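Chemist: Got a sequence here, can you model it:
(chains A and B)
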Protein chains: 2
Amino acid sequence: MINILFSAKPSVWGVYEAPLRRALDAEGFAYDLSRDHAPEAVDYIVFAPNGPVKDFRPYIHTRLVMGLWAGVETVVGNATLTQPLARMVDDGLTRGMVEWVVGHVMRHHLGMDAHIQGQDGVWRDGIFPPLAQDRPVTVLGLGALGAACGKALAHLGFPVTGWSRNPKTIEGLRCLSGEDGLTEALRDAQVVVLLLPQTPATENILNAETLSLLAAGAFVVNPGRGPLIDDAALLDALENGRLGGATLDVFRSEPLAKDHPFWAHPRITVTPHIASTTRPDTAAQVIAVNIARGERGEAFEHLVDRNAGY
Amino acid sequence: MINILFSAKPSVWGVYEAPLRRALDAEGFAYDLSRDHAPEAVDYIVFAPNGPVKDFRPYIHTRLVMGLWAGVETVVGNATLTQPLARMVDDGLTRGMVEWVVGHVMRHHLGMDAHIQGQDGVWRDGIFPPLAQDRPVTVLGLGALGAACGKALAHLGFPVTGWSRNPKTIEGLRCLSGEDGLTEALRDAQVVVLLLPQTPATENILNAETLSLLAAGAFVVNPGRGPLIDDAALLDALENGRLGGATLDVFRSEPLAKDHPFWAHPRITVTPHIASTTRPDTAAQVIAVNIARGERGEAFEHLVDRNAGY
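Modeler: I've put the predicted structure just below:
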């Protein structure tokens, strides 16, 4: 019998219990999925950072902690966590992210807001955006999410540059890496999409200096993590014309305070951390598959590198 | 010497002369491109419906009239036109149309307007659209534009049904045709994109009856031709909840009158016939290639079927 502890908010249990049982049943091993196991009896933990488990020390036989979230910055520094940790890499979350990123990049590319907000009866014809092929887009971060978004944008005709800490090769993208690569990736970009993990190395990666590399009037789309951007530098870049606009889904503090200047800025769109979400059906399968791998003695998937922080 | 008459507005000549000369030079034959040839000396006409040539009878030696526009409904009924007529099928126009259609379908799919217009400081999290895979889209019209848009939407994960008058097969799309096929194509569609030619057979193809087939809250995106929609039925469908919204780029009369109810309707977005446009560089190549084909004795491309009307 494999004991699986579910540690997340009660509302999340309501959403996940049935899909998890379906996915675990399909793997064909005996299990006991519960929110209430004795710590020393727990083999696996399904984990959300805002759930009840904060101290991992009593879970002395736990083989793997499986996050329900794609981002692990709030747990990776937990000193009590000595067990292996897996991030959620969910195809449903990836698909949703691709859709959101494509939608907002297209929105900026086409200048849609002028039409959506300007239904004043004046027929302003004859004004066309460039084709996507003449609009360079840069995606910072080439994990599952960044790579998928970059490929979708390239398929629509955008010249896409991807940047990652370590060198990667992704078909259809110009891939750059490292410090020098970052400068080259941002230079003259007309749209920048942020899909990096939050680590000490990525904090404020978009700052006054890096923002100054972009094409005049560029757009920033941030569905990654709030601290990737120096907020004051972003506001400055909007004032001085370097940036044409920004759509921000994540913030240093969430919910974003009602009096934060981002809400009122005419060229910033705030969305409430809804770019994408883990989808229970597909995420449950990821969890069941990882447990089955462990039970068969195979290596776990999606393990977090605690030193790199993601 | 091949005499090519350019018959469009003077401003269009300013945009097209240089790209046309480049494209014609590249084909390597001797030509005289001008806005002022004796009619009986003209071999080819580059033609926009709002240019000077209205009566084609004096052009007794003209081998082909080449439209600069994708739609030919304003010229196909011209009784003086007995010469062959080619539509513009321009890769640049197709690309632009794909970008506009993908953008506005994504905008409706993601419910972007609520965020763009609702920057009120209230953090409304936890609300996610379905994935594209659960949002059926129907494209009416499977010419160069409809086929390209359908394929792009399918690549993004939407289940796409395409409908055309005559049966077609396009990879990745469920293709239907004919009267019965139209009912099946529209039933339960959540997004409908109109890219049909304007002919007597397509006028009012979206009417009270066909709109009633759509899923409740569906979206209509019309970058095709205004008369494809029964305007009163569209407004009714928005009132009774069948439609969630519409983005309309083309109208029965353009510019759309300032007092037309579409402008003021909260769930209609009017755009001023800017979904896409012929791009001079690529269109000039299409024209030069078609002339070269004629000079080599090959069949012309993109010929209009005068009986079908497109």
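Chemist: what's the longest helix in chain A?
Modeler: For chain A, the helix that runs over the most residues, judged by DSSP state H, is helix A:91-110.
Chemist: Helix, strand or coil: sort out the spatially most central residue of chain A for me.
Modeler: Centroid-nearest residue in chain A, with Cα atoms, centre = their mean: A:G224, separated by 4.3 Å. With DSSP: H, G, I helix; E, B strand; the rest coil as the basis, A:G224 sits in coil.
Chemist: Report the contact partners of the nearest residue to it once chain neighbours are set aside.
Modeler: Closest residue in space to A:G224, ignoring its immediate chain neighbours: A:L194 at 4.1 Å, by Cβ to Cβ, 6 or more residues apart in numbering or on different chains. Glycine gets a C-beta too; all of them are placed from N, C-alpha and C. Each residue near A:L194 by Cβ atoms under 8 Å, 6 or more residues apart in numbering or on different chains is listed here: A:140-141, A:205-206, A:220-225, A:228-229.
Chemist: Show me what A:L194 is bridged to.
Modeler: Note on A:L194: beta-bridge partners A:L140, judged by DSSP bridges.
Chemist: still on that earlier bit, next, the buried residues of the helix or strand just after the longest helix of chain A.
Modeler: Helices and strands here follow DSSP states H and E; after helix A:91-110, the next one along the chain is helix A:112-117. Under the neighbour-count criterion of 16 or more other Cβ atoms under 10 Å in any protein chain shown, helix A:112-117 has A:112-113, A:115-116 buried.
Chemist: With stretch A:179-192 instead?
Modeler: A:181-182, A:185-186, A:189-192.
Chemist: Closest one of the residues you listed to chain B?
Modeler: Proximity of the buried residues of stretch A:179-192 to chain B (Cβ to the nearest Cβ) peaks at A:V191, which lies at 13.0 Å.
Chemist: What values do phi and psi take at the nearest residue to that closest one once chain neighbours are set aside?
Modeler: Nearest in space to A:V191, with sequence neighbours left out and distances taken as Cβ to Cβ, 6+ apart, is A:V137 at 4.4 Å. Main-chain torsions, A:V137, degrees, to the nearest 10: phi -120, psi 140.
Chemist: Where do the helices of the stretch 51-200 of chain A begin and end?
Modeler: Assignment of helices within the stretch 51-200 of chain A using DSSP state H, counting those that start in this stretch yields the ranges A:91-110, A:112-117, A:144-155, A:178-186.
Chemist: Relative to A:L131, which of those helices is closest?
Modeler: When the helices of the stretch 51-200 of chain A are compared by Cβ to Cβ, helix A:91-110 sits nearest A:L131, at 9.4 Å.
Chemist: The residue in the stretch 201-310 of chain A that chain B sits nearest to: what secondary structure?
Modeler: Closest residue of the stretch 201-310 of chain A to chain B, Cβ to the nearest Cβ: A:P255 (3.4 Å). Here A:P255 is coil, with the state taken from three-state DSSP.
Chemist: For burial, what's the neighbour tally of it?
Modeler: A:P255 has 15 neighbouring residues, counting by other Cβ atoms under 10 Å in any protein chain shown.
Chemist: Okay, domains of chain A per the record?
Modeler: For chain A, automatic domain parsing gives the domain ranges A:2-90+A:278-295, A:92-270.
Chemist: Next, format those as TSV and append mean pLDDT and distance to B:G51.
Modeler: Shown next, in TSV, are the domains of chain A (pLDDT from 0 to 100; distance: least, Cβ to Cβ, whole Å):
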stretch	mean pLDDT	distance to B:G51
domain A:2-90+A:278-295	96	54
domain A:92-270	97	16
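Chemist: closest one to B:D120 among these?
Modeler: For B:D120, the closest of these is domain A:92-270, at 7.5 Å, according to Cβ to Cβ.
Chemist: and that closest one, how far apart are its ends?
Modeler: Terminal residues of domain A:92-270 lie 23 Å apart, using Cα to Cα, to the nearest Å.
Chemist: Kindly report the same for stretch A:136-152.
Modeler: Terminal-residue distance, stretch A:136-152 (Cα to Cα): 14 Å.
Chemist: Repeat that for stretch A:264-274.
Modeler: Using Cα to Cα, the span of stretch A:264-274 from its first residue to its last is 19 Å.
Chemist: which residues touch it?
Modeler: Contact with stretch A:264-274 is made by A:100, A:235, A:238, A:243-251, A:254-256, A:262-263, B:115-116, B:119, B:123-128, as judged by Cβ under 8 Å, 6+ apart.
Chemist: now, which of those lie within strands?
Modeler: Among those, DSSP state E puts A:243-248 in strands.
Chemist: quick check, nearest of those residues to B:F56?
Modeler: Distance to B:F56 across the ones in strands among the contacts of stretch A:264-274 (Cβ to Cβ) is lowest for A:G244, with 46.6 Å.
Chemist: Could you check how many residues crowd around the closest residue in space to that closest one that isn't next to it in sequence?
Modeler: Nearest residue to A:G244, sequence neighbours excluded (Cβ to Cβ, 6+ apart): A:G217, at 3.9 Å. Look at A:G217: counted by other Cβ under 10 Å, it has 12 neighbours.
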